[in-house]
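# Have a look at this prediction, sequence included:
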Amino acid sequence: MRTIWLASAAALALAGCTAKSPTPSATAVTLAPLPTGNWTAFRDAFIEDWFKVSPADAVYQGRHDFDGGLGDWSAAGLKRQGDFLRDAVAKAKAFDPAKLDKQAAFEREYLITVAQGKLFWLEDADQPHHNPAWYVNSGLDPNVYIARNYADPATRMRAMITFLHKIPQAAANIRANLKTPMPASYIDFGTAAFKGFADYYSNDAKKAFAGVNSPALQDEYTKTAAAASKAMNDLAAWLESQRPTATQGFALGADRFSRMLSMTEGVDVPLDTLEAAGKADLERNRKALVAACAEYAPGATVPACMTKANADKPANNDPVAEARKQIPELRAFVLANDIVSIPDTEQALVEESPPYNRQNSAYIDPPGPFEKGIPSVYYISPPDPAWSKQVQLDFIPGKNDLLFTTVHEVMPGHFLQFRHANHSPSLFGRLFVGYAFAEGWAHYAEEMMWEAGLHKGDAETHIGQLSNALLRDCRYLSAIGMHARGMTQEQSRKMFVEQCYQDEGNARQQSARGTYDPAYLNYTMGKLMIRRLRADWTAKHGGRAGWKAFHDTFLSFGGPPIPLVRKAMLGGDGKAVF
């Protein structure tokens, strides 16, 4: 999905297809003071300067004049980023909202939360010094040069070479920054990620450019990729060497966790209230699952019921072909039931995910708002052929599990949400789509489609929806538990198995993720806020008949903090309500 809420030397522009790529400059980024006299000028300058500070974000949004760029992760570069964000917050707050028009006043609050959120991860949580995931989210993955055909292969290959030139210095900065001892789950994640990039740079990424007919360019790529891969492998080896001193000290703590919610999502709600809301949602979904299983598999246990549902595989065990059939079915359902507007004729493609990017079972890569003519691609990962036949079969999702993955990723989830975002009147809304907004909407869409009558009350379909809902409920409670309540990673794993009916492998993966992604409660937190906002708004706007108007209005804002959307739609103080 496209979001630069968490992500982080002006990049060299690439032109032509000559064999030699320029040596990356070590010159630091120079930023002019942000203007203060005019909101539009200030907002636009903030965007341009953020792209200079974090050029990988610019490239992902379709600004290919920043191709090959990577942020400066030296001590000076991190300080420069923090100084820029603090200055932006202070100057944005200095604008008097009473003197701005409605759109500008909204953008002011939006920008402040975006900048404060980035500052939280950078300095308060201090992720560059503690969490390898910060670097993975800040530009180490150059998939955009491979997956998006925004230019001819030679041009994209040159961009990749320019990027790869920067990796050895980036790896040196990462090693200098990361403090030890480190939580074991961070070592696991970082080692796997850095090894994965090392392999990808020299193998699958290189294969993607095999058709470029330039021996000189191919030779330069080979040499540059070898150096980048060595740097990543060396970094992974160093991280692995820290395992004897590994800790379980991953928790943010209750106070910092609350600041995370406030600074990144504008949610100022007591943790007891948040936790109670999550427990209530889990219990609601568990009761619904028991009822659906009683209808679908009478007398069976809930795990046996879910096993039966997962055994109903796509034809020929081909989830890609199945998803291609599901999308038009879901699109027709959205239109027939007046659920939400479809703003254009763009359609998502469905492909098998490439070998270098199969850590997620399914994901979507939507083009940035500056891209032209680039399709969104919904990727589904096949099982590893090295696995046993039974493990491969188990990995393939059941049809209805896949159905709600397609709802989440495509229709009316992320794909449709980003189509609306790209039509937002706010440039800021088109660029900065937040975690709770994006994942909250996609997860909300799953339950909303069931409520709207998808498959007309079929119990097996409902089990597919509920299994996804329970997974997110346990993420929500694990995030609060592990970071604010003293829950261990092992206790989280046990909760995923016993309360949310997840298989052992998925439970281990999800409990580990919660240690280095404390914000993964945003799926359920966003869903709950959207459901409450829908109930409150449609109470005065036609009830169920007002759903389409509600959804269109909600999505028109782009991707801001949901409490800010609530304030815009209902008035009031803009506080989060569950």
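Thanks, I have the structure now. Numbering: from 1, shown residues only.
# mind giving me the domain split of the protein?
Domain assignment for the chain, taken from automatic domain parsing, gives 39-249, 260-315+398-570.
# Tell me if I'm right that T406 and Y378 touch.
Yes: if you go by Cβ atoms under 8 Å, T406 and Y378 touch, sitting 7.4 Å apart. Glycine gets a C-beta too; all of them are placed from N, C-alpha and C.
# any common contacting residues for those two?
Between them, T406 and Y378 share these contacting residues under Cβ atoms under 8 Å, 6 or more residues apart in numbering: A323, I327.
# can you pull out the strands in this structure?
349-352, 362-365, 377-380 (DSSP state E).
# Burial-wise, tell me which of those strands comes out on top.
Mean neighbour counts were taken over these using mean count of other Cβ atoms under 10 Å, and the top value, a mean of 23, falls to strand 377-380.
# I'd like the distance from that one to the chain centre, please.
Taking Cα atoms, centre = their mean, to the nearest Å, the mean C-alpha location of strand 377-380 is offset from the chain mean by 14 Å.
# Who are the packing partners of that strand?
When contacts are defined as 3 or more Cβ pairs under 8 Å, 6 or more residues apart in numbering; DSSP states H and E, strand 377-380 packs onto helix 319-336, strand 349-352, strand 362-365, helix 399-409.
# strands paired with it, and their directions?
According to DSSP bridges, strand 377-380 has the following sheet partners: strand 349-352 (parallel), strand 362-365 (antiparallel).
# From A304, how far out is P298?
According to Cβ to Cβ, to the nearest Å, P298 and A304 sit 11 Å apart.
# more crowded one of those two?
A304 (12 against 8; other Cβ atoms under 10 Å).
# rewinding a little: could you redo the strands paired with strand 377-380 as TSV and give each row distance to A519?
What follows is the strands paired with strand 377-380, written out as TSV (distance: least, Cβ to Cβ, whole Å):
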stretch	distance to A519
strand 349-352	28
strand 362-365	17
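# Of those, which is nearest L122?
For L122, the closest of the strands paired with strand 377-380 is strand 362-365, at 25.4 Å, according to Cβ to Cβ.
# and the helices and strands packed on strand 377-380 as a markdown table, adding distance to H462 and mean pLDDT?
Output for these, formatted as a markdown table (distance: least, Cβ to Cβ, whole Å; pLDDT from 0 to 100):
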| stretch | distance to H462 | mean pLDDT |
| --- | --- | --- |
| helix 319-336 | 15 | 97 |
| strand 349-352 | 24 | 95 |
| strand 362-365 | 20 | 92 |
| helix 399-409 | 8 | 96 |
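# If you tally nearby residues, what's the number for the nearest residue to T162 once chain neighbours are set aside?
Distances taken as Cβ to Cβ, 6 or more residues apart in numbering put G68 closest to T162, at 2.9 Å, once the chain neighbours are dropped. By other Cβ under 10 Å, the residues close to G68 number 26.
# Kindly report the same for D401.
By other Cβ under 10 Å, 23 other residues sit near D401.
# Look up how far P367 lies from it.
Using Cβ to Cβ, one gets 27 Å for the distance from D401 to P367.
# What of G434?
Where P367 is concerned, G434 sits at a distance of 19 Å (Cβ to Cβ).
# neighbour-wise, which of those two wins?
The residue with more neighbours, out of G434 and P367, is G434; 28 against 23, by other Cβ under 10 Å.
# Give me the pLDDT value at the more buried one.
Looking at G434, its pLDDT stands at 96.
# Same question for Y356.
60.
# Repeat that for S381.
pLDDT for S381: 91.
# Now do the residue lying closest to L393 once chain neighbours are set aside against N360, distance only.
In space, and not counting its chain neighbours, L393 is closest to N317: 6.9 Å by Cβ to Cβ, 6+ apart. Applying Cβ to Cβ, the value for N317 to N360 is 19 Å.
# quick revisit: so the residue nearest to L393 touches D394, yeah?
No: between N317 and D394 there is no contact under Cβ under 8 Å: 11.0 Å.
# can you pull out the helices in the stretch 1-150 of the chain?
Using DSSP state H, counting those that start in this stretch, the helices of the stretch 1-150 of the chain run over residues 39-53, 55-60, 75-94, 102-119, 133-135, 143-147.
# rank those by pLDDT, which is bottom?
helix 143-147 (a mean of 91).
# how about it: buried residues?
For helix 143-147, the neighbour count (16 or more other Cβ atoms under 10 Å) marks V144, Y145, I146, A147 as buried.
# Please name every helix or strand in contact with it.
Going by 3+ Cβ pairs under 8 Å, 6+ apart, helix 143-147 lies up against helix 153-177, helix 204-208.
# roughly how far is the first one from the heart of the chain?
This points to helix 153-177. 22 Å.
# Counting by contacts, list what it packs against.
Packed next to helix 153-177, using 3+ Cβ pairs under 8 Å, 6+ apart, are helix 75-94, helix 143-147, helix 184-202, helix 215-240.
# Run the angle between the first one and helix 39-53 for me.
So the one you mean is helix 75-94. If you take axes from the mean of the first three to the mean of the last three Cα atoms, to 10 degrees, helix 75-94 sits at 170 degrees to helix 39-53.
# again, but for the longest one
If you take the same axes, to 10 degrees, helix 215-240 sits at 90 degrees to helix 39-53.
# Lovely, talk soon.
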